[in-house]
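Enquirer: prediction below, plus the sequence it came from.
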Amino acid sequence: MTYQELIGKIVALQDDGLELFNAGKSVLGKNLLATHVGEYSGPQILIQGGIHAREYITALLLVRMARNLFLNDLVHGGGIYFVFLTNPDGAELVLDGLDAVNCDITKTYLTAANGGSQDFSQFKANINLVDLNTNFNADWGGGSQNVFCPATEDFVGFYPESEREVQSLINFTLQTRPMLTISYHTKGDVIYYGFENMPAENLMRDQSIGESFSLYTGYPLIFTENSTGGYKDWCINSLKIPAYTIEVGNSSLPHPIGEESLDEIYEQNKDIPLIALEKAKEYANQIDFAIAFVQNNSKGEKHAKSNEKGYYARLKSRLDGRSSRWRGDS
């Protein structure tokens, strides 16, 4: 598959009558294509895919979900936003290689970060060599696998929310105010929920909802540990809403997972959007999510500027702490 073929499958939703719009932009100016199914009144949920470059199969999963829900008129009493491919620059690099890059300097540093290889099939980051799902401001840089130098995966960025794709997804989330979000990744057939130090009542709520997803898919539900800075983490920590990472595709499958596995993955997950929306309706009257959205939206530029200003202090603290552990200090 080429990148244009991938985008063509998303754009083809318009032939079915769905409306596509942009949820934001990538570093290289590509549109983050999105759609909405159902009603704009009532509870909303947001489902995003393709935040890791090699996991573009999740964009195709979301295409199938959106088409099925729309053509069969299955969504009522609320709505579902789909953001298909949050990292289009990275996906293009995985699918088309360096031919997708016009700048020789960019080609050079991408190749160097990739160990000198021009095979980018295992690439996860965006074009700036930032792992987008570690760049959100939710205990940024605190994950056990985080790295602090540009890399094909796990680099947290030079400061939280530094990347255009992350900023776009945050802004889109604040505008659409979902009551629940799901991030699709590969691989492992597992569902992650929760975040460190969240209120007990929220944890119980999120576990209960997650158990519904687990029962339907057959994937085990696992509490997130030693992983921070993801979109799910930000939604839980900043917006106080239920949020989940669903890893699709058997762990025995090689990255990137190809279209030959899509039928099975879709059958395991096709009703997850409807289950999620029903759960959002169930909890809508119990918790006032709007307060968190207003508080976060009001931070605006002040918050964005403080991210960069405090970067070096946070980075030094992280590295000093890790240096102590490496030395065996208490």
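Expert: Arrived safely, thanks for sending.

Enquirer: so which residues of this structure form helices?
Expert: 3-11, 57-71, 88-96, 104-113, 164-176, 200-217, 231-234, 262-269, 272-284, 290-297, 300-309, 311-327 (DSSP state H).

Enquirer: so which of these comes closest to N126?
Expert: helix 88-96 (5.0 Å; C-beta to C-beta). (Each C-beta comes from the backbone N, C-alpha and C, glycine too.)

Enquirer: show me the contacts for the closest residue in space to N128 that isn't next to it in sequence.
Expert: Nearest residue to N128, sequence neighbours excluded (C-beta to C-beta, 6 or more residues apart in numbering): V27, at 5.7 Å. Residues in contact with V27 (C-beta atoms under 8 Å, 6 or more residues apart in numbering) are D89, N126, I127, N128, E163, R164, E165.

Enquirer: where does the stretch 151-300 of the chain have low pLDDT?
Expert: Along the stretch 151-300 of the chain, segments meeting pLDDT under 70 span 286-291, 298-300.

Enquirer: give me the number of residues near the spatially closest residue to D206 that is not a sequence neighbour?
Expert: Nearest residue to D206 in three dimensions, chain neighbours excluded: P242, at 4.6 Å (C-beta to C-beta, 6+ apart). P242 has 29 neighbouring residues, counting by other C-beta atoms under 10 Å.

Enquirer: in this structure P242 contacts Q207, no?
Expert: No - if you go by C-beta atoms under 8 Å, P242 and Q207 don't touch, sitting 9.5 Å apart.

Enquirer: common neighbours of these two, please.
Expert: Contacts common to P242 and Q207, judged by C-beta under 8 Å, 6+ apart, are Y193.

Enquirer: OK, contacts around D131?
Expert: So, once contact is read as C-beta under 8 Å, 6+ apart, D131 ends up touching H52, K124, A125, A151, E153, D154, F155, V156, G157.

Enquirer: give me the pLDDT value at it.
Expert: pLDDT, D131: 98.

Enquirer: need the phi and psi values for it.
Expert: Phi and psi for D131, reported as degrees, to the nearest 10, are phi -80, psi 110.

Enquirer: could you measure from it over to V248?
Expert: Going from D131 to V248 by C-beta to C-beta, to the nearest Å gives 19 Å.

Enquirer: same thing with P220?
Expert: 13 Å.

Enquirer: which ones are touching T2?
Expert: Going by C-beta under 8 Å, 6+ apart, the list of residues near T2 reads L95, D96.

Enquirer: rewinding a little: got the helices of the chain as JSON lines, with mean neighbour count and distance to G143 columns?
Expert: Shown next, in JSON lines, are the helices of the chain (neighbours: other C-beta atoms under 10 Å; distance: least, C-beta to C-beta, whole Å):
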{"stretch": "helix 3-11", "mean neighbour count": "17", "distance to G143": "28"}
{"stretch": "helix 57-71", "mean neighbour count": "23", "distance to G143": "21"}
{"stretch": "helix 88-96", "mean neighbour count": "25", "distance to G143": "19"}
{"stretch": "helix 104-113", "mean neighbour count": "14", "distance to G143": "19"}
{"stretch": "helix 164-176", "mean neighbour count": "20", "distance to G143": "15"}
{"stretch": "helix 200-217", "mean neighbour count": "16", "distance to G143": "19"}
{"stretch": "helix 231-234", "mean neighbour count": "27", "distance to G143": "9"}
{"stretch": "helix 262-269", "mean neighbour count": "17", "distance to G143": "26"}
{"stretch": "helix 272-284", "mean neighbour count": "20", "distance to G143": "25"}
{"stretch": "helix 290-297", "mean neighbour count": "14", "distance to G143": "22"}
{"stretch": "helix 300-309", "mean neighbour count": "12", "distance to G143": "17"}
{"stretch": "helix 311-327", "mean neighbour count": "12", "distance to G143": "10"}
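
Enquirer: quick one, which of the ones you listed gets closest to F120.
Expert: helix 88-96 (5.0 Å).

Enquirer: quick one, that closest one and helix 3-11 angle?
Expert: 130 degrees (axes from the mean of the first three to the mean of the last three C-alpha atoms, to 10 degrees).

Enquirer: give me the contact list for helix 88-96.
Expert: 1-3, 6-7, 26-28, 30-32, 50, 52-54, 56, 59, 85, 100-101, 110, 120-121, 123-127, 132, 256.
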